[in-house]
Each structure stands twice: as C-alpha cells, then as structure tokens.
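Provided below are the primary sequence and the corresponding predicted coordinates.
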Amino acid sequence: MSMRRTFFTSLVFSLGFALPAGFAVAQTDTAEQVNRVLREMSTAVRELNYRGLFTYEVGGSLDTYRIVHRVENETEYERLQKLNGPEREIIRAGHMTDCLSQGDQLLRGIVRSAENSSELKDNYHFYLTGDERVADRSASIVHIVPKDSHRFGYTLSIDKQSGLPLKAMRVNTDKRVMERIQFVELTIGGEISESDVEPSSAQPRQAPHNLIDCQPQATGEPAWKATWLPPGFVYSGQRAIENGDHMQTYTDGLATFSVFVSAANTRPAIEGRAQIGATVAYVDQRFWKDQPHSVTVVGEIPFATAQRVVAGVEPR
Amino acid sequence: MSQSKNQAQLIESLSALVDDEASEFEVHRVLTESQQDASVRERWHRYQLARAALRGEAVNLSTTSTAFADRIRDAIGEIEFDEPLATTASKTPAEKQQTSSNGRWKTGAGRFAIAASVAAAVFLGAQQMNLVAVNEGPGQAQEFAQQPAEPAPSAPSSVNIPTINVQNVSGGDTLPPRSGLPQSMQYSPNIQQQQLQDEQIRRYIRQLMLEHAEHSAQNSGSGLLPYARVPAEEER
C-alpha cells in the first residue's frame, strides 16, 4: 500500500527527535555556568533599570509591546504597553526587589525547606549551545529540555552583559516552537523617570503584587488540596480573584499554572479544554457535597498535566 | 474507481489527517466516508490512540460516533490547511469576518481552540443534536470542517490577533460522560443564544488567563512579559 506520508514514519521520526542527545555540550561542563545564567536572569529582570520594545509571536500573529522597568529604593515600578491594536496597559508598582517569589527562589537555586527541596535541575536538562545576536546585543543561547512530559521546553537567549532574557521560545513535546518573545530594542541602565512608569491610557490594569509572592505560607494552608502535582512544582500562593473565584498557584521556576475553583452555578457551566499559544485551560465540573464546582487549570503546561491536576483537586 | 483503490486512498487521507498533513479535500473525504463506514471510524480511533500514547496524553477508549466526530474536530483544529476552505451560503456576521481572513492557519497558534468543550446538562443535549445534523450530508460536513478555521491567525490583520475560539462539542474526547445529567434533553439554542454562551465562556477563560498571567509574571523569571499571552478582549 503506497502511503506517501504514514503516521508511523512520523512516529519513528519524532521518537528519534525526542532524544536530547543532539546538543554538543556535555551537561556537566556547563551546570555551574547555567545556574549562574539563570540566577542572573532572575536578578536582572527585577533589579535593573531597562526599557525596550519586544514582539510576541504566536502562530502567524505578531504583537508589539513596550516595557519600562524602574527600580528606586529597592522597589520595582513597571509599565507594559501594547503598541498595536486597541490600547492595553499593565502597571505594576511597589514590589520590593528582595521579596523573592517561589519562582525566583527556584531560578536562583536558593535552598528551601525540606518538603520543598525541588531544584530546576531535577526536572530539566540545560545546555549552553552557543551565542547569537538579538536586538543588537550579544546573547548566550540556553536550551532547556524537560526530563518528563509534564512540562514544556525552552530556548532562551540571555544578554551576556546584563543577564536579561532577550528572546524566549517555548517548545512543545513535538519540538515545535509554540510561541516566541523577542526584544527588538533594549536599553539597559540609565535614568528612567517616574512619569515613564505611570499609567498613560484610560484603563490601565494594576497588576497585583503583595507579600504572598514571597511568603505563600503567610496566607495559611492552601484552601484546596492538590493531591497530584507534577514533580518539581511548588505551591506559590492563593487569593480570591476579581470575580470571587478562589485561585491557587504553582511554579517549577520556569513554568507556572494556576488552579481556579468556583461554585459552578455562578459561572458558565463548561467542561473542556482550550489553548492559545503555549497556554492551556482545562475546565471540569466536580461535585462536592452535591454542590457543582468548576475546577480550572490555566498554565503553560501540556493538556495531560492540566487534566491530571484538575482531577486531583479535592476539598480540604 | 475500484473499491480497493478508493479504500487505499481513504486510508492515506486518514493517515494524513492524523499526521496533520491532510488537505481540505482529504478532510472532506474522511468526513464523508466515515459517515457510512464504521471501519473508517475504528481505524481513525486506532491511529489516535497510538498518537495519544506517543504524546503521553490520556486516551479515551470509547468509539461512539459522537466521539469520532469530536476527534475529527480535534484533529482539524490541529491541521494546517493549504488552501482557504470552501465557504458556505449562510453565515453569521462573525463567520463572515472569519471567512474574509481565512486561508492559512496553523497549529494551536493565535487561537483559543476549545478542542472538546461541553456546556452543562441542557447544553450538552443541544450539542449532540448539532452533531447529528452535521452528519446528514456533505454540505453540512463542509460547514463542519470549516468551523475550526475561525480565527485564521496568520493573516496579518488586527482582526485575527489571538482570540478565544470556543467550539462546543459533545463530550466524547477525554471527558467521561457526566452520569446523572440529562444528556438526552432535546434543546437547541438559537444562534443568538449560542453566541451569547460562547461569548460568556470566552470572557470567563480570558479573565482566568489574565489572573494567571499575574502569577506567571511573578514566578517565571520574566517580569511582566507573560501578560503578552492574554488575548485582548476588544480584538475580536
């Protein structure tokens, strides 16, 4: 039977591709280097003054953004503006640079409590594969390959001088690029005035930030039990969101997902899954004490991971 | 065309569909043939199982015809079409907008494809009815195949920037049937109601994405960049 493209040919092909052996540099040689690069990235994003333009590309669509980040008295002030289409502006002001989120702690390899002792290297292979030029700057390329199928991979190009990420691609389990964020222009350091980080549009969104980010345990035990979490993901906070749903968050340092629980009768009663770029949403209806609840996981993780997390959510 | 040759071509189309390489014509062939031939559905199911296993995804062992339709729809959602899909006569304004911009559209990109979503009780019944209608003739199947082309993200027009594409499909895929819910209820929402429901779902999921972006902006070492992932509400 003549099949010009058989499913099984591509099966063999993708299995071959799944082996991360193609990278030239041995992992052990670069482990310390990679740790340093990630630590610097996490620090630079929070502690440097910078302003730049970047593109966000997903599929065939391309959006452009301006970002300004200012630090004064160890406090961050940031503004993100979308430059195409309808106006959109995100403002985040007042976050202390020493308030390290769980994600920052993981990226910086900070030793954590015994029950939360996960490290990035337990869940990803890291490969430094060379240099490239992005936004007229010299960057180191880091390939990050997940060790299991519960998360996606990345290719980061990190500015050699400052440590800021200049380009980030997220790669799915089939080695396809799902999304790309890339700076086209970036100015690091220098004076940034207060007015540069103040809202300029009619309806800016104030991004919340608070102590929860660095002290998730301050809000007590998570209200809902997650009986299954992918290895390496740690609890990073909980709060009530605008519409009243309960939100609990998790991170492995690079990937994040959020769990939302609500009484289903107040929400569109839906079940199913949705995807845009690397972000998936998985929604299921659950019954506890005869009450319908809507449980949703949103995150940059594979469907199967989201589905399994949803299935494991239980009332405390 | 002899029967066996026809069959070979069909299997090839099916294989291409699983591989995300099917042409528009092949999608239609599979959809049409599958209505008459149970073996086509079974073969499709086997391919999907193998593929799901390869990807480490959960698999659903049911092979009911609605599950089959769901899976076809899932697969179509992942296919890259070479040519603009044929248009059909009746369209809502939203569909017209999509058609004007269809053409190439790519894997999971720039669109929010709910692969197998189901509304609750009453709505589930309505969706099953819709699927029955879809299977009645080739004209309907064409419309069915066209549906997922909705946001056509690759066209460089602001209309096509990431939108949430809600496809209501009856729950065959990875979701177990909801026992205890009146699945057989016969209720068909009119187009306005359908759009309202889709709009509600879209808005709800977008809101969760926005909240999630805030979390991601604190916990993935990338500053405010994760907000770029949230599709803008106004841009549909």
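Structure received. Residues are numbered from 1 along each chain as shown, chains lettered A, B, ... in the order given.

What residues of stretch A:160-171 count as buried?
A:162, A:163, A:164, A:165, A:166, A:167, A:168, A:169, A:170, A:171 (16 or more other C-beta atoms under 10 Å in any protein chain shown). Heads up, the C-betas are built off the backbone N, CA and C, glycines and all.

do it and chain B meet?
Yes. Using C-beta under 8 Å from any C-beta of the partner chain, stretch A:160-171 reaches chain B at A:165, A:168.

before we move on, the earlier item: secondary structure and pLDDT added to the buried residues of stretch A:160-171, as TSV?
Compiled in TSV, the buried residues of stretch A:160-171 are given as follows (DSSP: H, G, I helix; E, B strand; the rest coil; pLDDT from 0 to 100):
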residue	secondary structure	pLDDT
A:162	coil	96
A:163	coil	95
A:164	coil	96
A:165	strand	96
A:166	strand	97
A:167	strand	96
A:168	strand	95
A:169	strand	95
A:170	strand	93
A:171	strand	92
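
Closest one to residue B:218 out of those, please.
Here the nearest of these to residue B:218, counting by C-beta to C-beta, is residue A:165; it sits at 15.5 Å.

gap between the closest one and residue A:88?
Using C-beta to C-beta, to the nearest Å, we find residue A:165 at a distance of 21 Å from residue A:88.

Taking the stretch 201-316 of chain A, what residue is nearest to chain B?
As assessed by C-beta to the nearest C-beta, chain B sits closest to residue A:272 within the stretch 201-316 of chain A, at 2.6 Å.

Which strand or helix spans that residue?
strand A:270-276 (DSSP states H and E).

what phi and what psi does the backbone show at the closest residue to residue A:187 other than its chain neighbours?
Nearest non-adjacent residue to residue A:187, counting by C-beta to C-beta, 6 or more residues apart in numbering or on different chains: residue A:51, 5.3 Å away. The phi and psi values for residue A:51, taken as degrees, to the nearest 10, are phi -140, psi 140.

how far out from the middle of the chain is the strand holding residue A:272?
Computed by C-alpha atoms, centre = their mean, to the nearest Å, the separation of strand A:270-276 from the middle of its chain amounts to 19 Å.

Which neighbouring elements make contact with that strand?
strand A:279-288, helix A:303-311, strand B:111-113, strand B:118-119, helix B:191-219 (3 or more C-beta pairs under 8 Å, 6 or more residues apart in numbering or on different chains; DSSP states H and E).

and those as TSV, adding distance to residue A:57 and mean pLDDT?
Converted to TSV, these look like this (distance: least, C-beta to C-beta, whole Å; pLDDT from 0 to 100):
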stretch	distance to residue A:57	mean pLDDT
strand A:279-288	14	88
helix A:303-311	22	94
strand B:111-113	14	36
strand B:118-119	32	28
helix B:191-219	17	82
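
Same list (these) but as a markdown table, adding distance to residue A:205 and mean neighbour count.
Shown next, in a markdown table, are the helices and strands packed on strand A:270-276 (distance: least, C-beta to C-beta, whole Å; neighbours: other C-beta atoms under 10 Å in any protein chain shown):
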| stretch | distance to residue A:205 | mean neighbour count |
| --- | --- | --- |
| strand A:279-288 | 18 | 22 |
| helix A:303-311 | 25 | 21 |
| strand B:111-113 | 20 | 27 |
| strand B:118-119 | 29 | 27 |
| helix B:191-219 | 8 | 21 |
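
Ok, which of these comes nearest residue A:110?
Using C-beta to C-beta, the helices and strands packed on strand A:270-276 put helix B:191-219 closest to residue A:110, at 13.6 Å.

Show me what that closest one is packed against.
By 3+ C-beta pairs under 8 Å, 6+ apart, helix B:191-219 packs against helix A:102-107, strand A:234-240, strand A:246-251, strand A:256-263, strand A:270-276, strand A:279-288, strand A:291-299, strand B:163-165.

And these, which one averages the lowest pLDDT?
The stretch with the lowest mean pLDDT among the helices and strands packed on helix B:191-219 is strand B:163-165, at a mean of 44.

hmm, back to that, and of the helices and strands packed on strand A:270-276, who's closest to residue A:199?
So among these, helix B:191-219 is nearest, using C-beta to C-beta, at 16.4 Å.

Give me the angle between that closest one and strand A:246-251.
50 degrees (axes from the mean of the first three to the mean of the last three C-alpha atoms, to 10 degrees).
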